[in-house]
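Peer 1: this is the structure alone, sequence omitted:
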Ligand SMILES: [Zn+2]
């Protein structure tokens, strides 16, 4: 089966990323930040790998981005409940 998300690597200098900032990956959400990620935001990474770790430029890395606090909670609400490890 063909990968529905063909990988097209694009190398962007870190200075350009810092300058542009990061925008929430949720469709229609305009929230963004520049510099250090504010509290409540999360990284979103989607990839296939036979192991837990995947190289960032691997062609099986299908999606990466950030989610704002509101959409972090919305995504989590769609996931199966898993028991949390007590700290
Ligand atoms: Zn958002």
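Peer 2: Sure thing, it's come through. It should be emphasised that the depicted structure is a prediction, and the values quoted were computed from it without experimental measurement. Residues are numbered from 1 along each chain as shown.
Peer 1: every contact and neighbour count from this point should use C-alpha atoms.
Peer 2: Will do.
Peer 1: got the contact list for the longest helix anywhere in the chain?
Peer 2: Ranked by residue count, the top helix of the chain under DSSP state H comes out as helix 69-78. Here helix 69-78 makes contact (CA atoms under 8 Å, 6 or more residues apart in numbering) with 26, 40, 41, 42.
Peer 1: could you redo the last one with a cut-off of 6 Å?
Peer 2: With contacts defined as CA atoms under 6 Å, 6 or more residues apart in numbering, helix 69-78 is touched by 40, 41.
Peer 1: now it: buried residues?
Peer 2: Judged by neighbour count (16 or more other CA atoms under 10 Å), helix 69-78 contains these buried residues: 71, 72.
Peer 1: and the average pLDDT for that helix is what?
Peer 2: For helix 69-78, mean pLDDT is 96.
Peer 1: distance between that helix and the chain's centre?
Peer 2: Centre-to-centre, helix 69-78 and its host chain are 13 Å apart (CA atoms, centre = their mean, to the nearest Å).
Peer 1: beta partners for residue 42?
Peer 2: residue 67 (DSSP bridges).
Peer 1: pLDDT value on it, please?
Peer 2: For residue 42, pLDDT reads 96.
Peer 1: please apply the same query to residue 63.
Peer 2: According to the prediction, residue 63 has pLDDT 77.
Peer 1: what's the span of stretch 63-74, first residue to last?
Peer 2: 18 Å (CA to CA, to the nearest Å).
Peer 1: who are the packing partners of the lowest-mean-pLDDT helix or strand in the chain?
Peer 2: Least confident helix or strand of the chain, by mean pLDDT, DSSP states H and E, is helix 14-20 with a mean of 78. Based on contacts counted as 3 or more CA pairs under 6 Å, 6 or more residues apart in numbering; DSSP states H and E, there is no element that helix 14-20 packs against.
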